[in-house]
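A.B. asks: Task: produce atomic coordinates for the following.
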Amino acid sequence: RRVEARGGQVLCPVFAKNRASNVVLPMVEAGIVPYVDGLARNLMAVEIENFAELVKEGKILLFPRAEKYEERKLVNDLRSKVADGWEGFHPIVSPSATMDKGFAVKHAILVLQKRENALFLTGHVFDRSAAQRLLKTRRGDTIHLVNHVGNQEEEVAVNVRAEVERFDLTSHDYRSALAERVRLANPEVCIIHHAGQHEGVSGYDGLRSKI
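C.D. replies: Numbers count the residues shown, from 1 in each chain. I've put the predicted structure just below:
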C-alpha cells in the first residue's frame with residue numbers, strides 16, 4: 001500500500017508452484033488486482049478453484065502468451081506499460097524467484113530502474129542466485145541480470161533504484177524443527193532432498209553425524 005501511495009509499482013518474483021497462488025490470493029482478497037505472467041498462469045489455473053472466474057471478473061489480470069515476433073513485441077510493450085503504471089497499480093507476480101531466469105527477469109529490468117517501485121522476494125533465497133545478489137546490491141548500484149530472448153541469452157546492466165525487500169512467507173519448518181523430526185523418528189537412514197544451503201542440514205549439535 002505504501003508503494004501504491006507513492007505512485008510506484010511492485011514486482012513479486014515467485015516460485016510458480018503454490019507460491020504464486022499464495023501471493024496472488026491475499027492481494028485479490030484485499031481488493032488489489034495483480035498481473036500474472038509465465039508458468040504461474042498455468043499452475044494457478046489448477047491450484048485456484050475459481051481461477052477462471054476471477055480472471056473473467058478482472059480480479060486477476062494475465063499477460064498474454066506470445067509465440068510470434070509481433071506478438072512478443074506487443075506483450076513486451078505491455079510489460080513496459082504495467083511497470084511504468086500506465087495500466088494503474090497492478091503488482092506483477094511472475095516466476096522465477098531465483099531471478100536467474102523466467103519472465104521475472106524481464107519485469108525486474110523495467111521495475112528496478114524507477115525509485116518509486118519495489119521488488120519483493122517472498123521465497124527462499126538460494127546462494128549465488130541473482131536474487132541473493134540483488135538483495136546485497138545497494139540502491140544506486142548496478143546489477144547484471146541475464147535476460148532470455150528466444151534461445152539467446154543477453155546480460156543486461158540494471159541500475160537498482162527501486163526498493164528491494166524480502167518477506168518470509170513460507171510455512172516450511174525451519175531447520176531445528178526439521179532436525180527434531182529426524183530425532184523423533186530415529187530412522188536407520190535419512191536422505192536429505194532439496195537441502196539448499198549446506199548449513200541448513202546441520203540441525204542440532206550431534207545430529208550431523210547421524211545424518
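
A.B. asks: quick one: low-confidence parts of the chain?
C.D. replies: In the predicted model, the chain carries pLDDT under 70 at residues 150, 170-175, 193-211.

A.B. asks: Tell me which residue of it is furthest from the middle?
C.D. replies: Of all residues in the chain, Glu188 has its C-alpha farthest from the mean position, at 37.3 Å, by C-alpha atoms, centre = their mean.

A.B. asks: Go through this structure and flag its longest helix.
C.D. replies: As assigned by DSSP state H, the longest helix anywhere in the chain is helix 69-83.

A.B. asks: Tell me the helices and strands packed up against it.
C.D. replies: Judged by 3 or more C-beta pairs under 8 Å, 6 or more residues apart in numbering; DSSP states H and E, helix 69-83 is in contact with helix 103-111. Using the backbone N, CA and C atoms, a C-beta is placed for each residue, glycine as well.

A.B. asks: Go again with 10 Å.
C.D. replies: On a contact count with 3 or more C-beta pairs under 10 Å, 6 or more residues apart in numbering; DSSP states H and E, helix 69-83 meets strand 35-36, strand 92-94, helix 103-111.

A.B. asks: Let me have the ones you listed in JSON lines, adding mean neighbour count and distance to Leu119 as columns.
C.D. replies: Converted to JSON lines, the helices and strands packed on helix 69-83 look like this (neighbours: other C-beta atoms under 10 Å; distance: least, C-beta to C-beta, whole Å):
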{"stretch": "strand 35-36", "mean neighbour count": "25", "distance to Leu119": "14"}
{"stretch": "strand 92-94", "mean neighbour count": "28", "distance to Leu119": "9"}
{"stretch": "helix 103-111", "mean neighbour count": "24", "distance to Leu119": "6"}
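
A.B. asks: Out of those, flag the one nearest Val23.
C.D. replies: Distance to Val23, taken as C-beta to C-beta, is lowest for strand 92-94 among those, at 5.5 Å.

A.B. asks: Count the residues that sit near the closest residue to Leu169 other than its chain neighbours.
C.D. replies: In space, and not counting its chain neighbours, Leu169 is closest to Thr122: 4.8 Å by C-beta to C-beta, 6 or more residues apart in numbering. By the measure other C-beta atoms under 10 Å, the count of residues near Thr122 is 20.

A.B. asks: got it, and Trp86?
C.D. replies: Using other C-beta under 10 Å, Trp86 has 10 other residues around it.
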